[in-house]
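1. what's the 3D shape of this:
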Amino acid sequence: MAVTIKDVAKVANVAPSTVSRVIANSPRISEKTKRKVREAMKELGYHPNFIARSLANQSTKVLGVVMPGAVDKTFQNPFFPEVLRGISTAAHHKQYAIQLSTGVTDDEILDGVIQMVQGKRVDGIILLYSKVEDKVLKYLVKNKFPFVVVGKPFTHEEEITHVDNDNYRAAKEATEHLIKLGHHSIAFVGGSVNLVVTIDRLLGYEKAIRNVGIPFKDEYIVHEEFLKEGGQEAIRELLSLDEPPTALVVADDLMALGILNTLHEMGISVPGQISIVSFNNLLLSEVSRPPLTSVDINIYQLGFQATKTLIDIVSDSDEPIKRITIPHKMIVRQTCQQFNKEMVES
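-> Residues are numbered from 1 along each chain as shown. The predicted structure is shown next:
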């Protein structure tokens with residue numbers, strides 16, 4: 001026979017209504033009483049019926065997480081498991097579950113979001129990307145559905161709650177690091193130009209270049225997918241130039257790994273002949289050969305703060321718009337060195 005709230009109340013010596021409030025984590029109940037009730041629930045093996053509660057209070061206790069593309073490609077990049085670790089930790093603290101939504105095309109992604117919203121499957125949504133002219137963002141704004149963006153919205157930034165790094169500043173600092181080492185032939189390897197993170201990092205790179213009077217070369221700007229193969233394609237293109245770069249600002253560690261592998265196969269020394277600064281400070285940046293100099297963007301905190309903020313919005317519709325900036329830090333390792341013309345030409 002199934003254990004009921006009344007059974008828990010009897011063992012804990014409290015009213016059934018008190019058990020319900022403990023399950024809802026009501027601030028009106030003391031921590032001492034909460035501990036007593038939870039111990040009784042554990043002793044009896046009682047598990048709350050969240051479906052019944054959802055029907056009663058119009059809450060699913062589920063958050064939707066929208067990925068930027070197909071799972072088979074997206075999860076090749078360790079950024080996403082790490083940001084999801086932050087999301088799931090924050091969700092668990094407040095007893096929320098997570099539902100992932102993916103799609104190969106923009107229309108498929110939008111269809112998945114519409115199903116979540118109109119089917120009342122989730123209480124709020126986290127967008128794990130920010131695109132130029134994004135249909136999903138426009139749909140959520142139009143329908144006034146609770147959501148948070150991990151990234152900076154392309155439009156209406158002041159009207160949309162989002163969690164991001166200062167990607168412009170981070171890329172500017174990464175480029176300045178190479179300039180201080182004497183490099184003037186610096187290329188930029190970024191992701192899709194439809195992603196706001198790519199635009200911001202490209203602008204930061206360009207600002208650093210122009211500040212010191214280095215000519216801005218269009219041929220030094222390459223855009224590929226945030227994958228190892230993207231990095232491989234990018235470096236082959238850059239090395240085919242009449243004047244190849246001596247240094248690279250790469251917008252993603254996984255792309256940088258593809259670049260390192262290709263340079264190794266070609267017998268080109270890093271950092272002897274090409275210096276590299278990358279982004280994300282993933283575990284692979286520590287174990288790559290040589291270890292990557294990378295900008296740590298606190299991926300876990302991006303996910304954690306986005307989820308914490310979304311739950312605040314879901315709990316209180318009057319929650320103000322927030323623009324949360326997660327700090328970054330450059331981790332200097334072994335892929336950069338002082339420019340040496342003789343070494344590069346050898």
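2. going forward, measure contacts between C-alpha atoms and count neighbours the same way
-> Will do.
3. how about the helices in the stretch 1-150 of the chain?
-> Taking DSSP state H, counting those that start in this stretch as the test, the helices found in the stretch 1-150 of the chain are 5-12, 16-23, 31-44, 50-57, 71-74, 79-93, 106-118, 135-142.
4. got those helices as JSON lines, with distance to Ala234, mean pLDDT and mean neighbour count columns?
-> As requested, these are exported to JSON lines (distance: least, C-alpha to C-alpha, whole Å; pLDDT from 0 to 100; neighbours: other C-alpha atoms under 10 Å):
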{"stretch": "helix 5-12", "distance to Ala234": "61", "mean pLDDT": "90", "mean neighbour count": "18"}
{"stretch": "helix 16-23", "distance to Ala234": "53", "mean pLDDT": "85", "mean neighbour count": "18"}
{"stretch": "helix 31-44", "distance to Ala234": "56", "mean pLDDT": "90", "mean neighbour count": "16"}
{"stretch": "helix 50-57", "distance to Ala234": "50", "mean pLDDT": "53", "mean neighbour count": "11"}
{"stretch": "helix 71-74", "distance to Ala234": "18", "mean pLDDT": "76", "mean neighbour count": "14"}
{"stretch": "helix 79-93", "distance to Ala234": "20", "mean pLDDT": "96", "mean neighbour count": "18"}
{"stretch": "helix 106-118", "distance to Ala234": "25", "mean pLDDT": "92", "mean neighbour count": "17"}
{"stretch": "helix 135-142", "distance to Ala234": "29", "mean pLDDT": "94", "mean neighbour count": "16"}
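5. Just tell me which of these ends up closest to Arg333.
-> Arg333 sits nearest to helix 79-93 of all these, at 19.6 Å, using C-alpha to C-alpha.
6. just checking, what packs against that closest one?
-> strand 97-101, helix 299-315 (3 or more C-alpha pairs under 8 Å, 6 or more residues apart in numbering; DSSP states H and E).
7. how does it look with 6 Å?
-> Counting contacts by 3 or more C-alpha pairs under 6 Å, 6 or more residues apart in numbering; DSSP states H and E, helix 79-93 is packed against helix 299-315.
8. Geometric centre of this structure: which residue is closest?
-> Geometric centre of the chain, nearest residue: Val83, 5.0 Å, by C-alpha atoms, centre = their mean.
9. Please report the distance of Tyr205 from Ala2.
-> 63 Å (C-alpha to C-alpha, to the nearest Å).
10. Settle it for me: which of these two has more neighbours?
-> A count of neighbours by other C-alpha atoms under 10 Å puts Tyr205 above the other of Tyr205 and Ala2, at 25 against 8.
11. and Pro291, what does it touch?
-> Ser285, Arg333, Gln334 (C-alpha atoms under 6 Å, 6 or more residues apart in numbering).
12. Using the three-state scheme, assign the last one.
-> Put plainly, it is Gln334. At Gln334 the chain is in coil, as set by DSSP: H, G, I helix; E, B strand; the rest coil.
13. What's the local residue count around it?
-> 19.
14. Please identify the helix or strand for the nearest residue to it once chain neighbours are set aside.
-> The shortest distance from Gln334 to any non-neighbouring residue, by C-alpha to C-alpha, 6 or more residues apart in numbering, is to Pro291 (5.5 Å). Assessed by DSSP states H and E, Pro291 sits outside every helix and strand.
15. so who does the closest residue to Met255 other than its chain neighbours touch?
-> Nearest non-adjacent residue to Met255, counting by C-alpha to C-alpha, 6+ apart: Gly231, 4.1 Å away. The contact partners of Gly231, taken as C-alpha under 6 Å, 6+ apart, are Met255, Ala256, Gly258, Ile259.
16. Got phi/psi on the second one?
-> With angles defined as degrees, to the nearest 10, Ala256 sits at phi -60, psi -40.
17. what about it, how many neighbours?
-> Counted by other C-alpha under 10 Å, the residues lying close to Ala256 total 32.
18. Kindly report the same for the first one.
-> When counting by other C-alpha under 10 Å, one arrives at 28 neighbours for Met255.
19. pretty sure it is touching Glu225, no?
-> No: with contact defined as C-alpha atoms under 6 Å, Met255 does not count as touching Glu225 (8.0 Å).
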